[in-house]
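Visitor: Structure for this input, please:
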Amino acid sequence: MELHFEGVLPGRFLRHLALAAIMAGTGARAVGGGNDECLACHGEKGASMSRKGKTISLYVDVHAFAGSAHAALECVSCHEGFSASELPHAKKIRPVNCLACHDGEQFARYAESVHGAPKEGSPMLRCADCHGNHAIASVTSETAEARKQFAVATCSRCHSAEESRFMASDHGVALAAGVRGAPTCIDCHDEHNVRKPSDAAAHTNHAQVAAMCLRCHLDNPDVRNRVGPSARFISSYENSVHAHAVKSGDSTAATCTDCHGSHDMRKGSNPLSGVARANIAATCGRCHQAVLAEYRESIHGTKFAAGVTASAVCTDCHGEHNILAPSDSASPVAARNLSAQVCSPCHASVRLTRKFGLASDRFQSFADSYHGLAGRAGSVEVANCASCHGVHDIKPSSDSTSRIAKNNIAATCGRCHPGANENFARGEVHVIATSGSERVLYLVSTGYILLIAVVIGGMFLHNLLDFLRKSGRTLRERREPAGENHVGHRLYLRMSFEERLQHGALLLSFFTLVLTGFALRFPDAWWVAPVRDISPFMFAARGVLHRAAAVLLVCAGAVHVYYVTRVPRGKKLLHDLLPVPQDVRDAVAVLKYNLGITGVKPRFGRFSYIEKSEYWALVWGTVVMAVTGIILWFDNTFLGILTKLWWDVARTVHYYEAWLATLAVIVWHFYFIIFNPDVYPINLAFWKGTLTEREMAEEHPLELEALRRREREETRSTERAGTRA
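Guide: Presented below is the predicted three-dimensional model:
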């Protein structure tokens, strides 16, 4: 070992030798206040030594040392075992032991770190490599930002490439600008406990990255209140499919740094960011390569590549942090949610559809279709947008490889409808009956709307006039009795037991059909939603109940046909219900009476035009609903026979006929058996089968007279037969 003092003046060098001789003679050691003696030699810039062919500087910057955190210490406080009287001062230089003064816990963490790991018998880095040798700066009392700047400067001595990337990142830019809470190396990697990412205890380990990022973005108010996304949005990652996969040990599942970057983290507004809109697909594609390939060939991918930045990218459909599996009912891409939550925001947007020339009624037409209604009602098997258009491989119908290309529709429909043929594609797919896109459907729907308005409006007006006339008469009789009208107390048969059974079956099936049918059409109605949400099986139960009621209605109709064609009382019933010219005259007479044009109240027989019109409307409605219901029930068969257009016609007729029948029963039938002042609160013939003599005199006076005449004739015949006997 050789000592060198290059550039040291001869006079000063002689003084050094004299000092060394004196110390050697007295055996003195450099203790207490001996820093000046040490610096007399080591304060010279040329001081150095050679070891194994290498020149090692022994220079100590006096001014830097005087301003360091150790300025009050003596050299031998750190350099133990040195003899100032010897040159060199020790045969074997003992490394400085920082642990003699500093926290043992910090040193223990350092010893376990990647820096403290032995390399060729020595730690990879010594304390001095980061903290300095003699110019040790005290950063404990400095601001957090100053300490962070110190850390960056320190780490960059070895990690210059990472430092360059970091300082160009949004984290580095914020740090350089002095933004409170901006992170630096030690916020992620720690100070003394720096570990490799492969170490399970490292903050930068794949399984720990999210928690590391959330320490600032969620737990630090300085950061949480300044960044754009809300705390709820940021923390939602913890519930995502990615986070669950990471927790289960999947080292390939995405975590924060996989999408946002690590040292080169940038905001999504930065075009260079991995989460910038233009780069989202490529970022996701690093893990989902097959999906990326499909997306780039799709209409969304090709349009985006062509510069249409409003075209959908991965996060528009799947979300950003809270990405859930399609099997999760809360996921936007779950079967029940996809159409409304993913496709609708773009394809029902007036702004977007106008800008890009898209049809704006696609979602509405789907929502009104059986597929859309069944999905809203709770079905998890019914088709949604992706079932027909694809998931990542969505293409326009003009593309021959598209699932909805004309030549491919039968195959696409056939995945749910076995045996689907080309007739499935004949007719508009996305169609709203009242829009006019399909002329036949438009005529049918418009005709029914006008029919409902005229018929139900006419019924309401008719019953309103009837109610005003009858209630006025009842009030007058109540206030000014016109004398007692003696009426007998006999009961007259109105409905036989067989007729009441038929009526009961009709009543049960009709209202079951109304409730279960409209429950499908209006799945979010206040009276439907609570029942729908009881269980996922409620949708299937609704369908079974609806079809069972339809079978009951058809069977009741078949029994009634037999009754009116084979049973004598039934034949008489049908005969009495046949329309006759007198019914028209009676209707006109009632109108005049209710308007006060005449004071003569019309008199009816067994059935007036009121009951007759209701009966034949029921016959017509039952036939129409049964025929169209069968077409809808056996959709695969009839779509293949009739084409989709005529299947849609049947569906439209079924829907509007249901409205017509329901409103007719409410406005017409309920009025005459419940709200009619002459029978209020209810006509019990459907239950008891009989009417009182008063009710007969009021509602069916001609029938009452006919019954009395028949009774008198039978009495006289009996008397004559007795006399002859």
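Visitor: switch to C-alpha atoms for all contacts and neighbour counts from now on
Guide: Fine.
Visitor: Out of the helices and strands in the chain, which is least certain?
Guide: Every helix and strand in the chain was compared by mean pLDDT, DSSP states H and E; the lowest is helix 10-26, with a mean of 44.
Visitor: Spatially, what comes nearest to residue 173 if we skip its sequence neighbours?
Guide: Nearest residue to residue 173 in three dimensions, chain neighbours excluded: residue 167, at 5.9 Å (Cα to Cα, 6 or more residues apart in numbering).
Visitor: Show me the contact partners of the helix or strand that contains the one you found.
Guide: Using DSSP states H and E, residue 167 sits in helix 160-168. Defining contact as Cα atoms under 8 Å, 6 or more residues apart in numbering, one finds that helix 160-168 is touched by 152, 155-156, 172-173, 176, 263-265.
Visitor: In helices, which of those appear?
Guide: 152, 155, 172-173, 176 (DSSP state H).
Visitor: any chance you could map the helices in the stretch 1-150 of the chain?
Guide: For the stretch 1-150 of the chain, the helices defined by DSSP state H, counting those that start in this stretch cover 10-26, 35-42, 62-66, 75-78, 104-112, 127-131, 144-155.
Visitor: roughly how far apart are the residue positioned nearest the centre of the chain and residue 345?
Guide: Taking Cα atoms, centre = their mean, the centroid of the chain lies closest to residue 332, which sits 3.6 Å from it. Using Cα to Cα, to the nearest Å, we find residue 332 at a distance of 12 Å from residue 345.
Visitor: same thing with residue 695?
Guide: The gap separating residue 695 from residue 345 is 61 Å, by Cα to Cα.
Visitor: Of those two, which one has the most company?
Guide: With neighbours defined as other Cα atoms under 10 Å, residue 695 and residue 345 compare such that residue 695 has more, 18 against 14.
Visitor: Run the angle between the helix holding residue 167 and helix 144-155 for me.
Guide: Counting by axes from the mean of the first three to the mean of the last three Cα atoms, to 10 degrees, helix 160-168 lies at 150 degrees to helix 144-155.
Visitor: Just the buried residues of helix 160-168, please?
Guide: Within helix 160-168, the residues that count as buried by 16 or more other Cα atoms under 10 Å are 162-163, 166-168.
Visitor: May I see those residues arranged in TSV, with distance to residue 616 as well?
Guide: Below are these laid out as TSV (distance: Cα to Cα, whole Å):
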residue	distance to residue 616
162	87
163	89
166	84
167	85
168	83
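Visitor: quick one on the thing from earlier: ok, and the most crowded of the contacts of helix 160-168?
Guide: Top of the contacts of helix 160-168 by neighbour count (other Cα under 10 Å): residue 172, with 26 neighbours.
Visitor: Skipping adjacent residues, who's closest to that one in space?
Guide: Once flanking residues are discounted, residue 172 sits nearest to residue 166: 5.4 Å by Cα to Cα, 6+ apart.
Visitor: quick one: the one you found from residue 188, how far?
Guide: Residue 166 sits 12 Å away from residue 188, going by Cα to Cα.
Visitor: What of residue 294?
Guide: Distance of residue 294 to residue 188, given as Cα to Cα: 37 Å.
Visitor: neighbour count winner among the two?
Guide: Shown here are residue 294 and residue 188; by other Cα under 10 Å, residue 188 has more neighbours (17 against 14).
Visitor: Would you confirm that that one contacts residue 204?
Guide: Yes: here residue 188 reaches residue 204: they are 6.7 Å apart, a contact under Cα atoms under 8 Å.
Visitor: which residues do these two both contact?
Guide: Shared contacts of residue 188 and residue 204, defined by Cα under 8 Å, 6+ apart, comprise residue 212.
Visitor: partner residues bridging the residue nearest to residue 55 when sequence neighbours are not counted?
Guide: Using Cα to Cα, 6+ apart and skipping residues adjacent in sequence, the residue nearest residue 55 is residue 49, 5.6 Å away. Beta bridges link residue 49 to residue 3, residue 56 when assigned by DSSP bridges.
Visitor: Low-confidence stretches in the stretch 451-600 of the chain?
Guide: Residue ranges of the stretch 451-600 of the chain with pLDDT under 70: 481-488.
Visitor: how many other residues sit next to residue 58?
Guide: Neighbours of residue 58 under the rule other Cα under 10 Å: 18.
Visitor: Please give me every residue in contact with it.
Guide: Listed by Cα under 8 Å, 6+ apart, the contact partners of residue 58 are 42, 47-49.
Visitor: Determine the number of other residues adjacent to the residue nearest to it when sequence neighbours are not counted.
Guide: Nearest-residue entry for residue 58: residue 48, 4.6 Å, with adjacent residues in sequence omitted and distances by Cα to Cα, 6+ apart. Per other Cα under 10 Å, the neighbour tally for residue 48 reads 18.
Visitor: Am I right that residue 48 is in contact with residue 55?
Guide: Yes: the pair residue 48 and residue 55 passes the contact test of Cα under 8 Å, sitting 6.6 Å apart.
Visitor: For the host helix or strand of residue 461, name the packing helices and strands.
Guide: According to DSSP H and E, residue 461 maps onto helix 439-479. If you count contacts as 3 or more Cα pairs under 8 Å, 6 or more residues apart in numbering; DSSP states H and E, helix 439-479 packs onto helix 581-594, helix 635-664.
Visitor: So which of those helices is the most surrounded?
Guide: helix 635-664 (a mean of 20; mean count of other Cα atoms under 10 Å).
Visitor: Would you pull up how far that helix lies from the middle of the chain?
Guide: Averaging C-alpha positions (Cα atoms, centre = their mean, to the nearest Å) puts helix 635-664 31 Å from its chain's average.
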